[in-house]
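*Asks:* need coordinates for the below:
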Amino acid sequence: MKPVIEFCASNMHHGTDRVMKQLEQDEQYEVIEYGCLGNCGECYMYPYAMVDGEIVLAEDADELYGLIVAAVKRQQADREMLDKLLDDL
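*Replies:* Numbers count the residues shown, from 1 in each chain. Next up is the predicted model:
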């Protein structure tokens, strides 16, 4: 299953449009843009996205890209560890 990365259209003034376009070119991600994600405080203050429901925010759009990729890897590792634990039961 592809990780779902969601962006808020209202957050594009932070440069997240560039991050979104970069991620869209990689077929391993499901990238979705919404008019609003309901995180107005974060949206106003920082560039941010949601990675499988988890808020990822950064000081700038360039940092956001790296944090998104790191969050995807961490979440995948967590799922693999949980699957292994469940298999051992």
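*Asks:* any low-confidence regions in the protein?
*Replies:* Within the chain, no range satisfies pLDDT under 70.
*Asks:* the strands in this structure, which residues?
*Replies:* 4-8, 30-34, 48-51, 54-57 (DSSP state E).
*Asks:* what residues does the first one touch?
*Replies:* Translated: strand 4-8. Residues outside strand 4-8 that contact it (Cβ atoms under 8 Å, 6 or more residues apart in numbering): 16, 19-20, 23, 29-37, 39, 43, 48-53, 68, 72. (Glycine included, C-beta is placed from N, CA and C.)
*Asks:* buried residues in stretch 27-44?
*Replies:* 29, 31, 33, 37, 39, 42-43 (16 or more other Cβ atoms under 10 Å).
*Asks:* closest to residue 87 among the residues you listed?
*Replies:* residue 29 (26.7 Å; Cβ to Cβ).
*Asks:* that closest one touches residue 72, doesn't it?
*Replies:* Yes - Residue 29 sits in contact with residue 72 when judged by Cβ atoms under 8 Å, with a separation of 7.4 Å.
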